[in-house]
Every structure is written in structure tokens, then in C-alpha cells.
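Asker: Sequence first, predicted coordinates after that:
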Amino acid sequence: MSWIREGELNLIEKLSANILKAGPMPKHVAFIMDGNRRYARKRQVERQEGHTQGFDKLAETLRWCLNLSIHEVTVYAFSIENFKRSKDEVDGLMELAKQKFIRLLEEQDNLEKHGVCIRVLGDLTLLPLDLQQHIARAVVATRTHNKCFLNVCFAYTSRHEIANAVGEMAWGVEQGLIKSSDVSEALLSRCLYSSNSPNPDLLIRTSGEVRLSDFLLWQTSHSCLVFQSVLWPEYSFWNLCDAILQYQLNHRPLQKARDQHREGQALQQHEADRACLADLLQHHGNGKPLDAQRRREALLNYTASREERVQDFLGALQALVRSGTDVGRLGLS
Amino acid sequence: MVHVYEFMWRVLHVLLHIHRTFITLFRIRLRNWNGQLWSRALAALLVPIALSFPKQKKLVPAPGKRVGRRYRWGADGKSLEKLPDHIGLLIAEEEPRYTDIANLVVWCMAVGISYISVYDNHGVFRRNNSRLMEEILKQQQELLGLEGSKQHSVEFLSNGTDKQDHQVLSCQSVVKVLSPDDGKLRIVQAAQELCRAVEQMEKTAKDINVTVLDSLLRESKTTPDPDLVLKFGPVESTLGFLPWHIRLTEFISLPSHVDVSYEDLFSALQHYASCEQRLGK
């Protein structure tokens, strides 16, 4: 299968994998696959060849992830900022992507066998229409698979994703589905392109750069960040093991930090609900203060009704997004 | 068989921990010697890839007076190809040492960095804001002297006081203390503000884009995003530091802020000066 290299690990690799798996393993790994062009310069080949080799390396890395029981991978394939590159390079990348997605659709049986679900995250309206259609077909074809997940960020930046999520919540408010006071960290997370995935446990960037370049800024706030100097097309199984080792060394303190953050979030939500309830009672109550028991009940009712509102809003949003994917992108309208 | 692997995993991690502890002890030991260059060379042999710096030319510390040091720090700043406009000091360690942090802030000021943010992921600095400010002023006197303190003035920003634009004069630095509430929570608050505007029909959902959100999240029109974040401590994560603002920030890790030296800071700045940002191109 072109997107996931066939093959098994050799004996030493298998041994190392088994040792690593005795400890905590990341369930979701994100990659910033940097260094294709530098690799091409180094090997004195065309840039396009560097990108093609980069894709092959992705296929190999996905195979290693499956061998290591890592079932969700997110990759940064193309940033909105990359549109600034020369027309030739951008066209070359779009053509490469188109070919890969066409190949993907030809291998549907294999995808079904491996249970691969492909999602593409980003502002796909910025892409050429034919590419959009191929992407839509691939996403729809693999939608129900659930053994492993590959999220490809294409025409993506984190700021666009966050602004888009805020826009969607604002749409919900416009439609009267939610109130502005329902906006919370949890709700924002569920409006992101990545809402169907848990946050990445591990983020790996290759080629020695030590920045995030507008990738998953919201989702990786408590992820383990590993910056490796190897160029992406030269990435090896041992580089991956090294990154996972770093993850294991950081596992406990990050878990603690995440738990603390979650507790803080729950507290903030609770306080926000109380404030909203107090506001409501002031405006719509009969002026009599409630006793502790009544107040508790009222708070529980308020929280339940808020959660119901939010669920309805998310349902409506899903339906809208889905119809946009199927109808718009497949050209079925 | 599973038990064998578990055992080998434990052995592996024990070895890694020993390695780490050895490096930390070695660092502390060697710092007490005067052979700085020698200690760097030895440490470079032992420090694993994740913690190492590329080999940089180290400046031998000039002995002596505050005035000499102050001018040297200023000259160091000018000698770098690029200096961050806004530096973030991310303390990912459990026990913060205020004096060391104050030293870092003062050195950043002396080198010529205009905006300095200090962050920890428990909100300890925010709660002890005044203590940190006092310590910074004290170290400013200590390290820069009276004259230097007059020349390099510092402005402390606390939360909620300003959306005004202030002109940062040369030799003036702005210090801000940050906590996790300035990160995701601030983004959520901006989102709520925009949704309220939609509720009150002042805006529509289609008006919301990156620029609109960015202007709400910007401290002021003149405050730049952090160019560089120095992370102190063994935890490899941003720990909730300003998610919106760090899209192009370079991250450099240093082992600890405890007993950190000016040379540690300067070599990190040298490393930053050699980073090339292509901005997507």
C-alpha cells in the first residue's frame, strides 16, 4: 500500500520495540516533516525529488508507528504559509498530493483491511478544486474505519484553525443554538478541525529547527516536544525510538501538569456556571434568595441544560460540515 | 517474555536517570571550578543530544567592576546578528529561585532585549508578582549599579492595566509576569467577547478571522510575539505558555535556572542568532 509501507521490523528493531512498549507509549504522535528541500540540496537532486522521498519516508514511518502500536498520527504536510513559495514548487506539491490521493482511492481494499481512517485538516477551499474532490472522496471512503487514524494537515495553520473554531461558535450563537456564556475551553476544542482526535502525546520536528511554525498550538500545550536534527527523508526507526524514550522520560510530569490543568478548567467552568445562574436568577427570579439545597439543584439544572445546548449545537455543526464535505467537494450540488 | 521486556525497560530507564543525575552533578561541580571552557568541553562529551548546544565560541568573563560588566553586556547584545525583541523565560521547575530569575531578567535588559516575560505553569509568579518585582529591582541595583539602573529602566506590566500603546524607549525594558491563565483562558475570553458582540448584533460570525482574534489577544499594538523562549527544567513541553503567540517562537532548553550564569544565557542568545526563519517560503 503506497501510504503505509508493507513490512515488518527486523529482530533487533522488534526487540527494542518490545522493550519500549513495556513503558508508557504515546497513543497519538504528531510530526512536522521538515528538511525535504535541504535533503534535496544535500543529495544534489531536484526539490520535487526531496518531497517525493519525504512522502516515502512518511509511509515508512506510519509502518513503524503501527508496529509500535501507535494508532493515531498527525502530519504537517502543507502550511498556508507555504503558498508563498514559488509557483513551480507549490504546483509540484499539489500534483504530488493529487497523485497520492488518487493512489489511495485505488487501494481501498487495503485501507479497509488495515482499518485506516484518513482525515484532512485545514482550509481546503484554498486548494485546487480537483484536489479538493480527491481529498473528499478519500475522507468519505475511509470515514468508518477505526483501527488507525492518519490526520493530514493540508492548507493548515493553527491560528486559522482556532479562528475558524471561534467563528463556528459565533455561528452557533447567531443561530440561537448556544449562548456566548456557553463558550469554554472544552467547547472550543470540540470545534477545532482536530475535534475527533485526542491531543497529541508527542510532537516531533525534524531538521533541527526548534519552533512550532503554527502547528497544533492549542492541542500541544501539554505534549512532549522533541526536536531532532535529522532531516525528514533520512528519518530512521531509531530516531523514532529516541523520541518515544523522551516521551517516556517526560510522561509523569506531563501527566501531572495535564491533570492540574484539567482540574483548573473544571473549576473555572463551575465558577462560570454559578455566575451565569446568579445572573439568570437576578433577571428572571422572583427576588427571593434560594436556600443552599435549591441553589445546588438550580446549578445542576443549569449545567445540564448548558450541556444539552452544547450537544445540539455540535450535532448541527457536524451535519453542516459533513454536508459541506460530501456535497461541495464531491461536486454533487 | 513480557516480564523480561519490562525488566529491560526498567534497566534502560535507570541508566538514563543515572546519566541525567551524573550530568547535573557534574555541571554543579564544574561550575564551582574556574575552568569554564574546560567544563563546557567535558559537558559536551556527556550531555545527550536533547540537551546539547552546538559548539559556540565562549566569551571569557572579564573580571571586575559593574560598569565593565554592564558595558560588556550591552556590547554583547550589539555583537549578535539578531536579538529577540521579546524573550520568554519559561520556568518548568518545581522550586523557583527568585534571585536567579531576577538575574536573568536584568541580564536580558542589559543585553538590550525590550520585552521580557516570565512564566511558570502553576501561576506562582503571578501570585508572588510583587516579590518577583522587588527581587528584579534589587538585582538591577546589584548588577547594573545606580547609574546603570537609571539608564536601563524597567516597566512592569501587570494584568489588566493596559491596552494602551507605550513607546518603548531605547534602554527601557518591559517585564511581564505570565501564568497559564494568559494562554488558553485568554483565548476563550476573547472568543466569548466576540460571541457577545454577535449576540448583540454588533458583529456577524463571518467577521471573525485571524486578524480580529489576534488584535484582541495582543497585549498592545506594539508588543511583539515572543521570538525566543528559554525553557528551564527537564520537562520538554511548553506547559501552556501563550499558545496563540508562539507560532514562530524558537525554543531553547536550558537544564536549570538555579545558579544559571550569564554565559548560559548568552550562549542561548548566540544559538538564537544563528536560527534561520523561512516563514513558509
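Answerer: Here it is on my side, so go on.
Asker: right, is stretch A:37-44 up against chain B?
Answerer: No: Stretch A:37-44 lies apart from chain B when judged by C-beta under 8 Å from any C-beta of the partner chain; the minimum separation is 9.3 Å. (Glycine included, C-beta is placed from N, CA and C.)
Asker: mind listing what's buried in that stretch?
Answerer: Going by neighbour count (16 or more other C-beta atoms under 10 Å in any protein chain shown), the buried part of stretch A:37-44 is A:37, A:39-40.
Asker: a markdown table for those residues, including secondary structure and pLDDT?
Answerer: What follows is those, written out as a markdown table (DSSP: H, G, I helix; E, B strand; the rest coil; pLDDT from 0 to 100):
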| residue | secondary structure | pLDDT |
| --- | --- | --- |
| A:R37 | helix | 93 |
| A:Y39 | helix | 95 |
| A:A40 | helix | 95 |
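Asker: Going by distance to chain B, which of the residues you listed wins?
Answerer: Set against chain B, the nearest of the buried residues of stretch A:37-44 by C-beta to the nearest C-beta is A:R37 (9.3 Å).
Asker: shouldn't that closest one be in contact with A:R47?
Answerer: Yes: between A:R37 and A:R47 a contact is recorded at 5.4 Å, counting by C-beta atoms under 8 Å.
Asker: How many neighbouring residues does residue 88 have?
Answerer: No chain was given, so I picked chain A. 10 (other C-beta atoms under 10 Å in any protein chain shown).
Asker: hm, I was asking about chain B
Answerer: Close neighbours of B:G88, defined as other C-beta under 10 Å, add up to 26.
Asker: quick one, phi/psi of it?
Answerer: When read as degrees, to the nearest 10, the backbone of B:G88 gives phi -110, psi 130.
Asker: Let me see the contact set for it.
Answerer: B:117-119, B:178, B:226, B:228-230, B:241-242, B:249 (C-beta atoms under 8 Å, 6 or more residues apart in numbering or on different chains).
Asker: For the closest residue to chain A within the stretch 1-150 of chain B, grab phi and psi.
Answerer: The nearest approach of the stretch 1-150 of chain B to chain A comes at B:W9, 3.6 Å away (C-beta to the nearest C-beta). Note on B:W9: backbone dihedrals following degrees, to the nearest 10 are phi -60, psi -40.
Asker: correct me, but it touches A:S16?
Answerer: No: shown here, B:W9 and A:S16 do not form a contact pair, counting by C-beta under 8 Å, at 10.4 Å.
Asker: Quick one: name the residues of the stretch 51-200 of chain A near chain B.
Answerer: Counting by C-beta under 8 Å from any C-beta, the stretch 51-200 of chain A comes close to chain B at A:79-85, A:157-160, A:162-163, A:166-171, A:173-174, A:179-181, A:183-185, A:188.
Asker: is B:V118 in a bridge, and if so with what?
Answerer: B:L89, B:V177 (DSSP bridges).
Asker: can I assume it is in contact with B:P96?
Answerer: No: taking contacts as C-beta under 8 Å, B:V118 lies outside contact range of B:P96: 9.3 Å.
Asker: between those two, what contacts are shared?
Answerer: B:F125.
Asker: So if I had to pick from the two, which one is more boxed in?
Answerer: B:V118 (24 against 19).
Asker: Now do the same contact list for the more buried one.
Answerer: B:88-89, B:91, B:101, B:105, B:125, B:132, B:175-178.
Asker: what does A:Q53 give?
Answerer: A:Q53 makes contact with A:36, A:39, A:233, according to C-beta under 8 Å, 6+ apart.
Asker: what's the residue closest to the geometric middle of the chain?
Answerer: Using chain A here. Compute the mean C-alpha point of chain A, and by C-alpha atoms, centre = their mean the closest residue is A:S194, 3.9 Å away.
Asker: That was the other one, I meant chain B.
Answerer: Using C-alpha atoms, centre = their mean, the most central residue of chain B is B:L89, at 2.0 Å.
Asker: Next up, the contacts around that one.
Answerer: B:101, B:104-105, B:108, B:116-119, B:229-230, B:232, B:257.
Asker: Could you turn the buried ones of these into a PyMOL selection?
Answerer: In PyMOL, a selection of the buried entries from those looks like this (16+ other C-beta under 10 Å):
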select buried, chain B and resi 101+104+105+108+116+117+118+119+229+230+232+257
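Asker: Can you pull out the low-pLDDT segments for the stretch 101-250 of chain B?
Answerer: Residue ranges of the stretch 101-250 of chain B with pLDDT under 70: B:158-171.
Asker: Tell me which stretches of it form helices.
Answerer: B:124-127, B:129-151, B:184-199, B:210-217 (DSSP state H, counting those that start in this stretch).
Asker: swap in chain A?
Answerer: Here chain A has its helices, by DSSP state H, at A:11-21, A:36-43, A:47-67, A:87-106, A:108-114, A:129-141, A:158-174, A:185-191, A:237-284, A:292-323.
Asker: so which residue of the stretch 51-200 of chain B comes closest to chain A?
Answerer: B:C195 (3.6 Å).
Asker: swap in the stretch 151-281 of chain B?
Answerer: Taking C-beta to the nearest C-beta as the measure, the stretch 151-281 of chain B has B:G280 as its residue closest to chain A, at 2.5 Å.
Asker: Run a quick neighbour tally on the closest residue to that residue other than its chain neighbours.
Answerer: In space, B:G280 comes closest to A:E81 once its chain neighbours are excluded; the distance is 2.5 Å by C-beta to C-beta, 6 or more residues apart in numbering or on different chains. Number of residues near A:E81 (other C-beta under 10 Å) recorded here: 17.
Asker: give me every residue that touches A:E81.
Answerer: A:157, A:213-214, B:279-281.
Asker: with these in mind, which one is nearest to B:I18?
Answerer: Among the contacts of A:E81, A:S213 lies closest to B:I18 (C-beta to C-beta), at 35.5 Å.
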